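Asker: got a structure for you, letters missing:
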């Protein structure tokens, strides 16, 4: 057992914090639920600077433009970027697309796609969900038909985060409608500038602008197929496991919790004792600190498993499920303590901690990322505990 | 960062499970529950032979010099098997107090006995116990409730309010558990957990009864209690893990509505929630053990582990009884053995609310 980092890893964290201290002043940090275009672009700039330091893809192998370290270093990076509220960008490319190409891509695809991701030069979005397809992803309907040396895509994708900033979409499409459902799916990378792709805005309650994406006779060259035809489902599921610690999300919420704890210690709304001196408030804060520390450890457990070569499966679902619910518990607790002040937006008079509580109420309704909480419970029961289907 | 156990720890866990499956089946647990002492001397002797009672002691006192993490590995198995007897109080709590507060002669007279199982020590504490200094030396008086396994204790360590200073300043003394002026009244409780109300009738203590200095016992007591808390968290982990395995097995085989009830998501999700609580508890418990092994401050981590351990106890009880349902309401079913002992552990050494109160609520954002 060892709950500490190596000296070298601690050194990296120190250096990274020095960098963030200089590059990410408080006024540039993202407020929950208030992402602006300017902030998004700022996040892109930070990513490029991280890449110049060799840190952006620190867990990738050197031959693909990475830092040659492992999941622990990648976890340190993600934890600190989340904690210092660097607006998120590039995560689909770095966490999902790149690793898939490393495993299943051709040499030509590796040359073409990996380096720009590692340098923070491109943005990817992910095309998995569809209007009729959510938890039962294997029944997806977007059709890709082979026509000579091209695939022709028709159908639509839904809940496409980052779509309006993205250069490429990493998507699953049905290439063999006759095959059993998971065995007729293939994995593609589509340039979003390809004619026939249309994005319609799908604003999210957390302030993000996602899209519904329609494909109307979109022609992709064969070189856009990643891995084997009709094996896309298995390729995608394998590489979903690549960066699953969820440390960015944890730390992003943890920062607000820490700010909130400080606020409760400093603020005496009725001119009397600070909020945190009230036994019920103190008790609530202690419960949530316990929850936050637990969440952190469950995330690091996933990162550690990956660093030791294991494939976290139920463990990743445990960390993700715990995190989604802990974030919600925190938001609810803040409401119980702050009452109507918890509803005040950034910019409003008397909004506590920059209106982050208002924002986190909206963010906390995101209970479905990487699977709904029910799907995660199914995974834990069926794959983790071996319960019958 | 490495959350794996060493090969030796894995072997310790495996061999402990094998041993306890053979030597401490539910029948032994049930038998012990029917006796006033709740102690199985034969099993006790075998555990001493395996080195379990001296695990936290140096070799010169007959111990095996194991780490707290080693002990946590062992006590996961102890909890899983619901091992009866004064293991926690004698081999962890009392042995640490003697080791860290005792002088050489006290250590030599007590520690090898703890390790061999020949001596059984327990701990009485509280502000109603007082040591006063008089012309004839120290006098011990007062009473202490919830003294575990006092009935079989050869010695009782008393954490007392000292004549100088005020509670929680503490003077530690060790007295003969079977002396004339020690009166033990059993406090009958759930699972027939053997504990007593112990009264001390103005006992004149010889000088060798004093462990450490007058009014200086608190740090040693607190450190021993911290270790005992972590070890008890491990017991709870072991119990909860066994409950989960029992429940999953039952749900996978029990057929209602024409299919195993384990295929119903309502049942699966309860099991998942218990699994999440176990993994949470395991991370927090091992983190606390690791910090103490490293000599790091661990006040918050120990309290977090114990608070979560209480939550885990409740989750295991609730999930177990709800899925086993009617059959687990019978005495003949083993689930009640687990849930009644969960209540003991939940309340012992500070309950969830107490430990939540100990957790510091954070000093704000990490340094930037």
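Answerer: Arrived safely. These figures come from a predicted structure and were not determined experimentally. Residues are numbered from 1 along each chain as shown, chains lettered A, B, ... in the order given.
Asker: how close does the residue lying closest to residue A:343 once chain neighbours are set aside sit to residue B:130?
Answerer: Excluding the flanking residues, the one nearest residue A:343 by Cβ to Cβ, 6 or more residues apart in numbering or on different chains is residue A:358, at 5.7 Å. Backbone N, C-alpha and C define where each C-beta goes, glycine included. Separation of residue A:358 from residue B:130 (Cβ to Cβ, to the nearest Å): 56 Å.
Asker: then residue B:59?
Answerer: 37 Å.
Asker: so which of those two has more stuff around it?
Answerer: Between residue B:59 and residue B:130, residue B:130 has the larger neighbour count (other Cβ atoms under 10 Å in any protein chain shown), namely 17 against 10.
Asker: so the more buried one makes contact with residue B:143?
Answerer: No - at 10.2 Å, residue B:130 does not count as touching residue B:143 under the criterion of Cβ atoms under 8 Å.
Asker: partners of the helix or strand of chain B with the lowest mean pLDDT, with directions?
Answerer: For chain B, counting by mean pLDDT, DSSP states H and E, strand B:121-134 ranks last in confidence among helices and strands (a mean of 92). Here strand B:121-134 has these sheet partners by DSSP bridges: strand B:137-148 (antiparallel), strand B:155-162 (parallel).
Asker: the residue of chain B positioned farthest from its centre and residue A:194: what is the separation?
Answerer: The C-alpha centroid of chain B is most remote from residue B:258, which lies 43.6 Å away (Cα atoms, centre = their mean). Note on residue B:258: its distance to residue A:194, by Cβ to Cβ, is 51 Å.
Asker: can you name the residues that contact residue B:107?
Answerer: Residue B:107 makes contact with B:61, B:98-99, according to Cβ atoms under 8 Å, 6 or more residues apart in numbering or on different chains.
Asker: in helices, which of those fall?
Answerer: B:98-99 (DSSP state H).
Asker: most neighbours, which of the contacts of residue B:107?
Answerer: Neighbour max across the contacts of residue B:107 (other Cβ under 10 Å) = residue B:98, 27 neighbours.
Asker: show me the contacts for that one.
Answerer: B:106-107, B:110-111, B:114, B:121, B:157, B:174, B:211.
Asker: can you put those in TSV and add secondary structure?
Answerer: Shown next, in TSV, are those (DSSP: H, G, I helix; E, B strand; the rest coil):
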residue	secondary structure
B:106	helix
B:107	helix
B:110	helix
B:111	helix
B:114	helix
B:121	strand
B:157	strand
B:174	strand
B:211	strand
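Asker: any chance you could map the helices in the stretch 1-150 of chain A?
Answerer: Ranges of helices in the stretch 1-150 of chain A, per DSSP state H, counting those that start in this stretch, are A:7-23, A:37-52, A:71-83, A:91-92, A:98-104, A:107-118.
Asker: contacts for the shortest one?
Answerer: If I follow you right, that is helix A:91-92. Contacts for helix A:91-92 (Cβ under 8 Å, 6+ apart): A:123-126, A:162, A:166, A:170, A:248.
Asker: which ones among these map onto strands?
Answerer: Within the contacts of helix A:91-92, residues falling in strands by DSSP state E are A:124-126, A:170.
Asker: from these, pick the one nearest chain B.
Answerer: residue A:126 (25.7 Å; Cβ to the nearest Cβ).
Asker: neighbours of that closest one, how many?
Answerer: Residue A:126: 24 surrounding residues under other Cβ under 10 Å.
Asker: which of the helices of the stretch 1-150 of chain A sits most buried?
Answerer: helix A:71-83 (a mean of 25; mean count of other Cβ atoms under 10 Å in any protein chain shown).
Asker: which stretches in the chain count as strands?
Answerer: Going with chain A. Assigned by DSSP E, chain A shows strands spanning A:124-127, A:143-147, A:150-160, A:168-174, A:185-191, A:197-203, A:209-221, A:225-226.
Asker: if you could check chain B rather than the one you did, that'd help
Answerer: Per DSSP E, chain B carries strands over the ranges B:121-134, B:137-148, B:155-162, B:171-176, B:182-186, B:195-204, B:210-211, B:255-256, B:259-260.
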